[in-house]
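Undergrad: based on what follows, work out the 3D shape:
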Amino acid sequence: MSPAHLAPALGAHLHEQNGQSGVQFAVWAPQAEGLEVCLFDSAPGPETQRIVLAHVGNGIWQAFVPGLSAGQLYGLRAHGPWAPEAGHRFNPARLLLDPWALALVGGTERLALQAGHTVADPLKPDQPWAEHRPAPQDNAAAMPKCVVLDAQAELEAGHAIAPRPVIAGERVFIYEAHVKALTRLHPEVPEAQRGSYAALAHPAVTAHLQRLGITTVCLLPVHQHISERHLLARGLVNHWGYNTLNAFAPEPGYAAATGGTDPANPEQAAAVRAEFRFMVDALHRAGIEVVLDVVFNHTAESDLDGPTLSWRGLGQNAWYVMGEHGLPHNFSGCGNSLNVSEPRVLQWVMDSLRWWVQAYGVDGFRFDLAVSLGRVAALDHAFHPHAPLLNAMAQDPVLRHVRLIAEPWDIGPNGYHCGGFAPGWLEWNDRFRDGVRAFWLGHHASLGELASRVCASSDLFNHQGRLPAASVNLLTAHDGYTLADLTAYAHKHNAANGEDNRDGHSHNLSANAGVEGPSDDPLVQHRRGLWRRALLATLFCAQGTPQLLAGDELGHSQQGNNNSYCQDNPITWLDWPQADGELPGFVAGLAALRRLHPGLRHARWFSGQPTVKGGPADIHWLHGDGQAMHAEAWHNSQHCTLGAVITVGEAGQPPAERLLMVWHAGRGHTTLALPPGTWSLRLDSARAFVALNEAAGEPVTGRLHCAEARICVLVQSLQG
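TA: Residues are numbered from 1 along each chain as shown. Now for the predicted structure:
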């Protein structure tokens, strides 16, 4: 077996020793004074055996137990000091999950209440941590149990998945989706499968993705996760899933195999894993990559009032970034921050990532609050693009071949680093989002700002050999408005979240065309339609990597909620029967147009110089009247029309055509003088017009008239 296919050394693994088969347990708990493994025959059943682990050095506790096999259930107990002021919260009365467990069984619905300390009211936050005392009750009956798996069999199952599609970086088109929200109301998916991995694999869903031209699905977190205690108190759930309980197992709530419930036994857990692999296989066979949104900036244990489930109970000072007086740092805003500068924590992250690639066939990862992964303890937790974990991913023989996407900020000190990651990384570009919104929706973006953003933000990403594809361009994302709401609400409407509308961002650069929310006024609907199509067309006609939020192509609204993390209901579920009849075809046409024309997805940075000797410049900018841009116009936010002539070919080939692109924000009529010759209009967003060949295009000569918000693309052949 090659090193690339070795299972993680820590955790529980089938093993042979002195001619006996059994299970090897290995747990990292460097500050513990004793470790035990507790065995169980069923998830709710009593403990059947307790094995004392031996400390074998370097903080690792180990034992080989002969006679055990795959399917064995277990948990951990850690002994050590209870000294909260020093960060120590060991409590052997609390059963702990193995951080390296490959599967769990048993209920997880109210785990956020499983504190390792006593409190008067487990739902009441912010109780003085200095008053915490170790909880005396044995909570094993309330805890899920870890499952021993045959790691080699799991890797073989992953190897059987259809291979990853081969997609050039400049041709990637990402679709950000939530497994349940995407499919819960799909009328062509059988009722029993809706909202599941199986639903995402259904031919009706994959056909929709193919029609749109999607190359890469980025799934909101599918690591097994739980809801926080403040949500339980309000009768809500963590819908998005950014609250990881186990980093090696797929979330069973999205499995039709278990009816969306936690598996009760190892056989049901196996069915969840099989369904996830079935989904990946189906998407690969449809030519679509699978990228997972992963959360390694914090864990489900929250702040010091949160539960003790695993990491905290095994040694909080080792697993988390700690400050003075036993208080954890909180770069994530979720109560704790994982200490990824610690080699064993780094190993845990790397083992998890490799496991998803090898055992589940996934093709990449989007890292939530990725700046937290680049904070270096030796630099007082400042971010560095070559931090140990980031360097480890870059050189890893498995991970260096998958897509790595950063959310390039966190909420810690100096936490914003868009464009600051190393070559090989893609990054969410919020500067694109904000600049494009401001231009189209009346928030006064300059033409220079627009030009920078539609050229892959070279001011942010053109360094160290990075390519335009490094900029992940997005209009909307799970965190914020949908496209429909961006153009229908001037203010957030988050009352359903139970926080009196205090949560969610207030600075959204949105517009409502004079009416807040739904409107039957034809003029309001017309204006909103112009904006939505112009925004979408700008996304697909910009250099970089386009990312579309699932449902934006359907006109999905969340009723003005821009922080829907706790709404597992029709607010977030895509309403397929009520979809905008025009938008899906328009988006599909935009994606096809992008595929056809290299000037819309150039693999290299524009230089303003010819790509072939004696030829025209690769890009030439035009003012709203069709004349060459002048310096003053770049910075005047009152100007609202910009043109560009792009002359590039496919990689390594001379140009066969040139494109004329025009962005007109619609504040008044303008007439743009066209460069000489006959042009073929291929895109006019105002009319939802997309032509994919010259015969379908409209010939234009002399002048282009723009009276409403629109983006136009015209093509002129350089052949014959």
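Undergrad: quickly list what the residue sitting nearest the centre point of the chain is bridged to.
TA: In the chain, the residue lying closest to the centroid (C-alpha atoms, centre = their mean) is residue 293, at 3.5 Å. When bridges are called by DSSP bridges, residue 293 pairs up with residue 366.
Undergrad: what does the domain assignment say about this structure?
TA: 3-152, 170-598, 603-717 (automatic domain parsing).
Undergrad: now the longest one: mean pLDDT?
TA: To tie it back to what came earlier, the one meant is domain 170-598. Taken as a whole, domain 170-598 has a mean pLDDT of 98.
Undergrad: what's the span of that domain from first residue to last?
TA: The first residue of domain 170-598 is 9 Å away from its last residue (C-alpha to C-alpha, to the nearest Å).
Undergrad: one more: stretch 213-224?
TA: 30 Å.
Undergrad: now do stretch 60-76
TA: 13 Å.
Undergrad: so which residues of the stretch 451-600 of the chain form strands?
TA: Using DSSP state E, counting those that start in this stretch, the strands of the stretch 451-600 of the chain run over 471-474, 545-549.
Undergrad: ok, the first one: who's next to it in the sheet?
TA: Spelled out, it's strand 471-474. Applying DSSP bridges to the sheet, strand 471-474 is found paired with strand 425-429 (parallel), strand 545-549 (parallel).
Undergrad: what residues sit buried inside it?
TA: Using 16 or more other C-beta atoms under 10 Å as the test for burial, strand 471-474 gives 471, 472, 473, 474. To be clear about C-beta, it is placed using only N, CA and C from the backbone, and glycine gets the same treatment.
Undergrad: how about the residues you listed in JSON lines, adding distance to residue 635?
TA: Below are the buried residues of strand 471-474 laid out as JSON lines (distance: C-beta to C-beta, whole Å):
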{"residue": "471", "distance to residue 635": "22"}
{"residue": "472", "distance to residue 635": "27"}
{"residue": "473", "distance to residue 635": "22"}
{"residue": "474", "distance to residue 635": "25"}
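Undergrad: out of the residues you listed, who's nearest residue 508?
TA: Residue 508 has its nearest neighbour among the buried residues of strand 471-474 in residue 474, at 13.8 Å by C-beta to C-beta.
Undergrad: how about the closest one: what's its closest non-neighbour residue?
TA: residue 547 (4.5 Å; C-beta to C-beta, 6 or more residues apart in numbering).
Undergrad: isn't that neighbour up against residue 472?
TA: Yes - under the criterion of C-beta atoms under 8 Å, residue 547 makes contact with residue 472 at 5.3 Å.
Undergrad: need the residues touching each of these two.
TA: 174, 428 (C-beta atoms under 8 Å, 6 or more residues apart in numbering).
Undergrad: how about the contacts made by the residue nearest to the centre of the chain?
TA: Contact analysis of residue 293 by C-beta under 8 Å, 6+ apart lists 176, 218, 219, 220, 221, 365, 366, 368.
Undergrad: and those residues, which two are furthest apart?
TA: Of all pairs in those, the most separated under C-beta to C-beta is 176 and 365 at 13.3 Å.
Undergrad: still on that earlier bit, just give me the closest of the buried residues of strand 471-474 to residue 690.
TA: Using C-beta to C-beta, those come closest to residue 690 at residue 473, 18.9 Å.
Undergrad: quick one: contacts for that closest one?
TA: Per C-beta under 8 Å, 6+ apart, neighbours of residue 473: 429, 432, 433, 453, 456, 539, 542, 544, 545, 546, 547.
Undergrad: swap in residue 452?
TA: 431, 435, 458, 459.
Undergrad: hmm, back to that, most packed of the domains of the chain?
TA: domain 170-598 (a mean of 21; mean count of other C-beta atoms under 10 Å).
Undergrad: still on that earlier bit, hmm, which two among the contacts of residue 452 are most spread apart?
TA: Longest distance between any two of the contacts of residue 452 is 13.2 Å, between 435 and 458; criterion C-beta to C-beta.
Undergrad: hey, where'd the helices end up in the stretch 451-600 of the chain?
TA: 458-461, 483-486, 522-540, 583-596 (DSSP state H, counting those that start in this stretch).
Undergrad: between these, which gets nearest to residue 500?
TA: Per C-beta to C-beta, nearest to residue 500 of the helices of the stretch 451-600 of the chain: helix 483-486, 19.6 Å.
Undergrad: chain center to that closest one: distance?
TA: Taking C-alpha atoms, centre = their mean, to the nearest Å, the mean C-alpha location of helix 483-486 is offset from the chain mean by 20 Å.
Undergrad: what sits up against that helix?
TA: 437, 441, 475-476, 508, 510-511, 532, 535-536, 549, 552, 555-562, 580.
Undergrad: ok, back up a step: can you put the strands paired with strand 471-474 in TSV and add distance to residue 656?
TA: Below are the strands paired with strand 471-474 laid out as TSV (distance: least, C-beta to C-beta, whole Å):
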stretch	distance to residue 656
strand 425-429	28
strand 545-549	23
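Undergrad: of these, give the one that comes closest to residue 463.
TA: Closest approach to residue 463 among these (C-beta to C-beta): strand 425-429, 12.3 Å.
Undergrad: list the contacts for the nearest residue to residue 465 once chain neighbours are set aside?
TA: Nearest residue to residue 465, sequence neighbours excluded (C-beta to C-beta, 6+ apart): residue 423, at 5.3 Å. Going by C-beta under 8 Å, 6+ apart, residue 423 touches 464, 465, 466, 470.
Undergrad: let me see the backbone angles for residue 154.
TA: Geometry field for residue 154 lists phi and psi as phi -70, psi -40, criterion degrees, to the nearest 10.
Undergrad: how close does it get to residue 293?
TA: Separation of residue 154 from residue 293 (C-beta to C-beta, to the nearest Å): 22 Å.
Undergrad: repeat for residue 131
TA: Residue 131 is 37 Å from residue 293, by C-beta to C-beta.
Undergrad: kindly report the same for residue 661.
TA: From residue 661 across to residue 293, the span is 32 Å (C-beta to C-beta).
Undergrad: now swap in residue 439 and tell me
TA: Distance from residue 439 to residue 293, by C-beta to C-beta: 28 Å.
Undergrad: residues contacting the closest residue to residue 30 other than its chain neighbours?
TA: Once flanking residues are discounted, residue 30 sits nearest to residue 59: 2.9 Å by C-beta to C-beta, 6+ apart. Residues in contact with residue 59 (C-beta under 8 Å, 6+ apart) are 28, 29, 30, 31, 318, 344.
Undergrad: and residue 59, what's its pLDDT?
TA: At residue 59, pLDDT is 96.
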